[in-house]
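Engineer: Prediction below, plus the sequence it came from.
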Amino acid sequence: MARPIWKGSINFGLVNIPIQLETAVREKSVSFHLLSKDGSCRLRRKLVCPDTGEEVDFGDTARGIEVGKDEYVLLDEHELEQIRPEKGRAIAIEQFVELSEIDPIYFDRVYFITPADGSARPYKLLFEAMKESRKLGLARFVMRGRQNLAALRVMGEGMVLHTMHYSDEVLSLDDVLPGTLTKAKLPEKEIAVARQLIQAMTGPLDLAAYKDDYREEVEKLIERKRSGRKTVIAADDHEEEPPPPTINLMEALKRSLNSKPSRGNGRLAHPRRKSA
């Protein structure tokens, strides 16, 4: 069993609930190392001054923020330590809100909240109260030297914690889409057909059916090469495909309906993938 990544407590009014945070997501990807051409040597990066070409030891470096062209403000570790958030072991719930009030764009990482030894009863008390009220708790806590905004919510028979982006970190969609939709006019017929298409493509959710095709193909390629089998890469016989011809929007919607799209097959089109 994996070790908890954080131990502390949830403060719910005057109730103190000892808890642990456990990893909820393990992202999967294929990581490559930079090697010499023949693969005999793993290469290392060095800190080098671009002006003199001199290599600099990490211990002789300083932290700085660029405030203008080639102008930096230096900050030392002692100064940063003075203003670093106070280390604590409390997740202090400050208010409860409806889940629908928080757009998913604010959510960052997610962790399972598990009761520490002897705290099952107070943990269940908060769980049952939140489950019945269908509310989400907003809290703040310190982890890894950073003060985090967090959302606590019920999930299944337990609770999870989402670290969140602060409001000034989330950009406004209005800044990148200023007035675009108000200028676009749509006939009711097109909207009706689009609704039909959505209905035709609606089916039971099965997230397990969606796979990272590229990662799986890379893992298969690595295994073939590791076992000494020959790999054959099919030649790409055509240039980059030209963009599809522009057609009438209503015609495109009707063609989509007539094609009877499959529901939730979990496979995204990968037109460039070749068999090895």
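Structural biologist: Nice, I can see it.

Engineer: Can you give me the buried ones in whichever strand or helix holds Gln199?
Structural biologist: For Gln199, the element it lies in under DSSP states H and E is helix 188-200. Residues of helix 188-200 classed as buried: Val193, Ala194, Leu197 (neighbour count, 16 or more other CB atoms under 10 Å). Bear in mind the C-beta positions are built from the backbone N, C-alpha and C, glycine included.

Engineer: Tell me where the protein has strands.
Structural biologist: Taking DSSP state E, the strands of the chain run over residues 6-12, 15-23, 63-68, 71-75, 90-98, 107-115, 135-143, 146-155, 158-164.

Engineer: Relative to Ser31, which of these is closest?
Structural biologist: Taking CB to CB, strand 15-23 is the member of the strands of the chain nearest to Ser31, at 18.0 Å.

Engineer: Using TSV, please lay out the strands of the chain together with distance to Arg255 and mean neighbour count.
Structural biologist: What follows is the strands of the chain, written out as TSV (distance: least, CB to CB, whole Å; neighbours: other CB atoms under 10 Å):
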stretch	distance to Arg255	mean neighbour count
strand 6-12	52	18
strand 15-23	45	18
strand 63-68	52	9
strand 71-75	58	11
strand 90-98	40	15
strand 107-115	37	17
strand 135-143	42	20
strand 146-155	40	18
strand 158-164	40	20
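
Engineer: CSV for the ones you listed, including mean pLDDT and distance to Lys124?
Structural biologist: Formatted as CSV, the strands of the chain follow (pLDDT from 0 to 100; distance: least, CB to CB, whole Å):
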stretch, mean pLDDT, distance to Lys124
strand 6-12, 94, 12
strand 15-23, 95, 10
strand 63-68, 92, 45
strand 71-75, 92, 45
strand 90-98, 96, 16
strand 107-115, 97, 8
strand 135-143, 95, 15
strand 146-155, 96, 11
strand 158-164, 98, 10
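
Engineer: Please name whichever of those is nearest to Asp51.
Structural biologist: Judged by CB to CB, the one of the strands of the chain that comes nearest to Asp51 is strand 71-75, at 14.5 Å.

Engineer: contacts for that closest one?
Structural biologist: With contact meaning CB atoms under 8 Å, 6 or more residues apart in numbering, strand 71-75 is reached by Ala62, Arg63, Gly64, Ile65, Glu66, Val67.

Engineer: Kindly indicate which of the residues you listed lies nearest Gln95.
Structural biologist: Looking at those and their distance to Gln95, the nearest is Ile65, at 33.4 Å (CB to CB).

Engineer: partners of the closest one in the sheet?
Structural biologist: Listed by DSSP bridges, the beta-bridge partners for Ile65 are Val73.

Engineer: Please renumber the chain so that the first residue is 32 from this point on.
Structural biologist: Okay, residue one is now 32; in that scheme the one you just asked about reads as Ile96.

Engineer: Roughly how far does it sit from Arg260?
Structural biologist: 52 Å (CB to CB, to the nearest Å).

Engineer: what does Ala55 give?
Structural biologist: Applying CB to CB, the value for Ala55 to Arg260 is 37 Å.

Engineer: neighbour-wise, which of these two wins?
Structural biologist: Neighbour count, other CB atoms under 10 Å: between Ala55 and Arg260, Ala55 has more, with 14 against 9.

Engineer: what residues are up against that one?
Structural biologist: Taking CB under 8 Å, 6+ apart, one finds Val141, Tyr142, Phe143, Val191 in contact with Ala55.

Engineer: Need the max-distance pair from those.
Structural biologist: Using CB to CB, those span at most 8.1 Å, a distance reached by Val141 and Phe143.

Engineer: Disregarding flanking residues, what is the spatial nearest neighbour of the residue nearest the centre of the chain?
Structural biologist: Centre of the chain computed as the mean C-alpha position; nearest residue by CA atoms, centre = their mean is Asp139, 6.2 Å away. What sits nearest to Asp139 in space, not counting adjacent residues and going by CB to CB, 6 or more residues apart in numbering, is Thr194, at 4.5 Å.
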